[in-house]
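Undergrad: Here is the input, now give the coordinates:
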Amino acid sequence: MPANVLLLGATGLIGSHLLAMLQSDPRIERIYAPTRHPLSNAGNKVINPTGSDVQILLDTLTEPVDAAFCCLGTTQKTAGSRAAFRFADITLPG
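TA: Below you'll find the predicted structure:
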């Protein structure tokens, strides 16, 4: 039975590799991959709503998903502060 999946963090190191694997998997029908910026490697299975508010992006889901993958993550240097790092690595995935 074809599956619909949600992938958070599709632009990162792990998420981009997982996205490629999911796109090539014949069991996967649709991949919801919300990101801040459009994906350059989105195939025909990928639905890629873009924006900066994760909750608004998740609200665009129109069908139930069978599996969800959370590949969100950052470094404190990239995030800019300890609080921003904790938000991205602990609060969002939680």
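Undergrad: wait, is Leu39 part of a strand?
TA: No. Going by DSSP: H, G, I helix; E, B strand; the rest coil, the assignment for Leu39 is coil, not a strand.
Undergrad: Identify the residue nearest it in space, chain neighbours excluded?
TA: In space, Leu39 comes closest to Asn48 once its chain neighbours are excluded; the distance is 4.9 Å by Cβ to Cβ, 6 or more residues apart in numbering. Placement of C-beta: from N, CA and C, glycine included.
Undergrad: what sits against Thr75?
TA: Counting by Cβ atoms under 8 Å, 6 or more residues apart in numbering, Thr75 makes contact with Phe85.
Undergrad: and the gap between it and Ala84?
TA: 10 Å (Cβ to Cβ, to the nearest Å).
Undergrad: cool, Asn41 as well?
TA: Counting by Cβ to Cβ - Asn41 and Ala84 are separated by 26 Å.
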